[in-house]
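Visitor: Show me the folded form of this:
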Amino acid sequence: MKRCWFFILTFLVNPLFLFAQQPKLEMLTSGTATSIRGLSVVSDQVIWVSGSKGTIGRSLDGGQSWKWSVVNGFEKNDFRDIEAFDANTAIIMSVDAPAYILKTTNGGDSWKIVYENKTKGMFLDAMEFWNDKAGIVIGDPIDGKFFIARTFDGGMSWQEIPMENRPVADSGEACFASSGTNIAVLDRDEAVFVSGGLRSRLFTRNPPVSLPLIQGTESTGANSIAVWHNRKMQGGRKMIVVGGDFTQAAATEKNCFYSNDRGKTWNAPVTPPHGYRSCVAYFSMDKAVSCGLNGIDITTDGGQNWTWISQEGFHVCRKAKNGNLIFFAGNNGKIGKIAWN
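Guide: Take a look at the predicted model:
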């Protein structure tokens, strides 16, 4: 019995054992003059990224080597979101001046403009796709209402939601184009998005829900939402929302909340992520990862407690759609990955 207790205590307090259980960040690229906020991970091998100065990157070997290019005619555009479907097909979103959506079917060798909007004040924030045909794009409010457009043909054409059907924004409320993840699939025919600024809310087809994240200034509120889909789970879908104040990289006040009932009620973590976080992604029902300007946190208990595993800053994190690796991207062309069991 004494030997048994000795083993248990060693298991609990040995820091080397605990450290061994944490995923370790592997840096893949860095040192290029581009800020990467768009990231789409088709599989453990096929990864696409997009960023400032019209930059696009693609890897077909798990991030060990990259094909980099600048979209012809868009050298000054900022592509803050990307959705890839395979090694050859991807869609990119340029936020403003004017707003564009482009598509490639030949691995990025050429791009076709599939949507253009020159409306004053137009600013796209994020895209999300249910499958290889149906997708949605969201933008900041125009005339007091959030911009939304849909596609049903794989992004070849986009239809704007009529003004009368768009969600109404409060004064000073908008979305953050920080990681392309402030909108997520909720059901087979419904999406959910989160806002920030002077007010931070969650939007579905139902009336908006006020979020408990820090808010009240232009730099505060929700930046990213992750939804875990499990039809057998009682009470609805699990969600995690992260954000904070992007001018305060290390601030932990009201920067993360999680819900186990489809967003009806929200819980604060016992141990929150260790700073402002611009992106969150589920790995499994209880495991998730979040990143921001001052590092990466993980949770293994559904968002109740977060562990700081790296102080390397990133804008966006994504799990492979068909795989187990998690990739990260950020400033100065930084790309990294972790393997998590």
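
Visitor: what's around the residue nearest to Tyr115 when sequence neighbours are not counted, how many residues?
Guide: Setting aside the residues directly before and after it, Tyr115 is nearest to Ile101 in space (Cβ to Cβ, 6 or more residues apart in numbering), at 3.9 Å. C-beta here means a position set from N, CA and C on the backbone, and glycine is covered the same way. Applying other Cβ atoms under 10 Å, we find 25 residues neighbouring Ile101.

Visitor: Begin at 48 from now on, thanks
Guide: Done: numbering now begins at 48, and the last item shifts to Ile148.

Visitor: hang on, Ile148 packs against Trp205?
Guide: Yes: here Ile148 lies in contact with Trp205, judged by Cβ atoms under 8 Å, at a distance of 6.5 Å.

Visitor: circling back: mind exporting the C-alpha coordinates of the helix or strand encompassing the residue nearest to Tyr162 to CSV?
Guide: Element membership for Ile148, per DSSP states H and E: strand 146-151. What follows is strand 146-151, C-alpha atoms only, in CSV (Å, rounded to 0.1, in the frame of the first residue of the first chain):
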residue,chain,number,x,y,z
ALA,A,146,-13.8,43.9,-50.2
TYR,A,147,-13.1,40.9,-52.4
ILE,A,148,-13.5,37.1,-52.4
LEU,A,149,-11.3,35.1,-54.8
LYS,A,150,-11.2,31.4,-55.6
THR,A,151,-8.5,29.1,-57.0
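
Visitor: Report the backbone C-alpha coordinates of the helix or strand just after that strand in PDB.
Guide: Downstream of strand 146-151, the first helix or strand assigned by DSSP H and E is strand 159-164. Output in PDB follows, covering the C-alpha atoms of strand 159-164 (Å, rounded to 0.1, in the frame of the first residue of the first chain):
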ATOM      1  CA  LYS A 159     -10.700  34.300 -60.000                       C
ATOM      2  CA  ILE A 160     -12.700  37.200 -58.400                       C
ATOM      3  CA  VAL A 161     -16.000  35.700 -57.300                       C
ATOM      4  CA  TYR A 162     -17.300  38.700 -55.300                       C
ATOM      5  CA  GLU A 163     -16.500  42.400 -55.100                       C
ATOM      6  CA  ASN A 164     -18.100  45.100 -53.000                       C
END
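
Visitor: Check which helices and strands the helix or strand just after strand 159-164 is in contact with.
Guide: Moving toward the C-terminus from strand 159-164, the next helix or strand (DSSP H and E) is strand 171-176. Contact here means 3 or more Cβ pairs under 8 Å, 6 or more residues apart in numbering; DSSP states H and E; on that basis strand 171-176 packs against strand 126-131, strand 137-141, strand 146-151, strand 182-189, strand 230-234.

Visitor: Report the inter-axis angle for strand 171-176 versus strand 137-141.
Guide: Angle between the axes of strand 171-176 and strand 137-141 is 160 degrees (criterion: axes from the mean of the first three to the mean of the last three Cα atoms, to 10 degrees).

Visitor: what's the burial count for the nearest residue to Gln206 once chain neighbours are set aside?
Guide: Sequence neighbours aside, Arg197 is the residue nearest to Gln206 in space, at 5.5 Å (criterion: Cβ to Cβ, 6+ apart). By other Cβ under 10 Å, 14 other residues sit near Arg197.

Visitor: Could you check which helix or strand contains Arg197?
Guide: Per DSSP H and E: strand 192-198 holds Arg197.

Visitor: just how off-centre is that strand within its chain?
Guide: 18 Å (Cα atoms, centre = their mean, to the nearest Å).

Visitor: Give me the contacts around it.
Guide: Residues outside strand 192-198 that contact it (Cβ atoms under 8 Å, 6 or more residues apart in numbering) are 162, 169, 171, 180-188, 204-208, 210, 213-216, 222, 240, 242, 250.

Visitor: can you dump the C-alpha coordinates of that strand into PDB?
Guide: Only the C-alpha atoms of strand 192-198 are listed here, as PDB (Å, rounded to 0.1, in the frame of the first residue of the first chain):
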ATOM      1  CA  LYS A 192     -26.800  46.100 -39.700                       C
ATOM      2  CA  PHE A 193     -24.200  43.400 -40.000                       C
ATOM      3  CA  PHE A 194     -23.400  42.400 -43.500                       C
ATOM      4  CA  ILE A 195     -24.000  38.800 -44.500                       C
ATOM      5  CA  ALA A 196     -23.700  36.900 -47.800                       C
ATOM      6  CA  ARG A 197     -24.200  33.300 -48.700                       C
ATOM      7  CA  THR A 198     -22.900  30.900 -51.300                       C
END
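
Visitor: hang on, the earlier thing: compute the inter-axis angle for the strand holding Ile148 and strand 192-198.
Guide: Going by the same axes, to 10 degrees, strand 146-151 makes 20 degrees with strand 192-198.

Visitor: Okay, now the sheet partners of strand 146-151, with direction.
Guide: Note on strand 146-151: by DSSP bridges, its sheet partners are strand 137-141 (antiparallel), strand 159-164 (antiparallel).

Visitor: got a list of contacts for it?
Guide: 118, 121, 124, 135-141, 157-166, 169-171, 174, 184, 186, 201-203, 205.

Visitor: same check, this time on stretch 179-187
Guide: In contact with stretch 179-187 (Cβ under 8 Å, 6+ apart) are residues 130, 132, 136, 138, 140, 146, 148, 162, 168-176, 193-202, 205, 221-222, 229-230, 238, 240.

Visitor: Many thanks, we can stop here.
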